[in-house]
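> here is the input, now give the coordinates:
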Amino acid sequence: MKNKNGSLVLKTAPTVEPVTTAEAKTHMRITTSDDDTYIATLIIAARRHVEGYMNRALINQTWNYYLNCFPYDKSYIEIPIGNLSSVTSVKYINSADASTTWTATNYIVDTYSTPGRIVLAYNKDWPSFVEKPVNAVNIEFVSGYGSAATAVPETIKQALLLLVEHWFDNREMVSDLNLKEVPETVEALLNLAGRIYDFA
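Numbering: from 1, shown residues only. A predicted model of the protein is given here:
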């Protein structure tokens with residue numbers, strides 16, 4: 001995935017989804033198991049859609065964020081996927097063309113700001129040399145509300161269920177003349193969640 005400042009590569013996907021197949025079936029009043037596999041794929045697609053819409057990870061997931069160099073003109077690096085939970089490591093290619101882990105005492109991880117940030121610690125500077133002209137810096141981080149579905153706000157879960165139901169009921173290509181691909185109710189719930197949880 002390309003970001004305006006670098007590239008994002010998913011390292012570890014979420015181990016669970018925010019809602020289960022059983023929860024989606026209950027929401028849709030489905031009592032048979034004929035479509036369980038299909039519903040499970042819709043849940044994954046809905047979660048990815050919501051994450052893209054809100055620019056937030058829902059369930060904890062690990063990403064690598066590659067930059068060509070450190071931002072020498074400012075004292076922080078913004079993490080492009082919201083709900084930053086932690087930074088695992090900051091690595092760069094040194095003058096010997098070797099991957100070097102930058103000591104964590106050089107920076108502060110700001111998980112309160114939106115987006116989250118890596119901020120230079122007091123009286124610290126970015127490493128002054130990187131060997132490669134592209135992807136020389138690799139920031140590995142974890143974003144998400146938590147590792148369990150219970151950590152995801154109910155407003156977002158409700159939006160997920162409505163989206164799964166909409167896609168389940170409208171399997172053919174949706175026409176702009178009759179139905180929207182994403183119901184306005186889903187967008188309204190996600191926008192509400194954004195205001196409540198300061199996701200502006």
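> confirm V164 sits in a strand?
No: remark: V164 does not belong to a strand; assigned using DSSP: H, G, I helix; E, B strand; the rest coil, it is helix.
> where along the chain do the helices fall?
Assigned by DSSP state H, the helices in the chain fall at 21-28, 36-54, 154-169, 184-196.
> distance of L58 from Y72?
For L58, the distance to Y72 equals 34 Å [Cβ to Cβ, to the nearest Å]. Bear in mind the C-beta positions are built from the backbone N, C-alpha and C, glycine included.
> ok, the two, which is more surrounded?
L58 (25 against 10; other Cβ atoms under 10 Å).
> in this structure that one contacts I156, no?
Yes: with contact defined as Cβ atoms under 8 Å, L58 reaches I156; the gap is 6.7 Å.
> ranges for the strands of the protein?
In the chain, the segments counted as strands under DSSP state E are 7-12, 61-67, 76-78, 84-93, 99-101, 107-110, 117-120, 137-143.
> mean neighbour count, the helices of the chain: which tops it?
The highest mean neighbour count among those, using mean count of other Cβ atoms under 10 Å, belongs to helix 154-169: a mean of 20.
> so which residues lie in contact with it, not counting its own?
18-19, 23-24, 27-28, 35, 38-39, 42-43, 45-47, 49-50, 54, 58, 149, 182-183, 185-186, 189-190, 192-193, 196 (Cβ atoms under 8 Å, 6 or more residues apart in numbering).
> can you tell me the average pLDDT over it?
When pLDDT is averaged over helix 154-169, the result is 91.
> repeat that for stretch 123-132.
Here the average pLDDT along stretch 123-132 is 84.
> tell me which residues of that stretch are tucked away?
The neighbour-count check on stretch 123-132 (16 or more other Cβ atoms under 10 Å) flags W126, P127, V130 as buried.
> redo those residues as TSV? Include distance to L163.
Shown next, in TSV, are the buried residues of stretch 123-132 (distance: Cβ to Cβ, whole Å):
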residue	distance to L163
W126	41
P127	43
V130	42
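> and of those residues, the nearest to N68?
V130 (8.3 Å; Cβ to Cβ).
> who's in contact with that closest one?
C69, F70, Y92, I93, N94, A136, V137.
> which one of the strands of the chain is the most hemmed in?
strand 137-143 (a mean of 21).
> centroid residue for the chain?
Nearest to the mean C-alpha position of the chain, counting by Cα atoms, centre = their mean, stands A57 at 2.9 Å.
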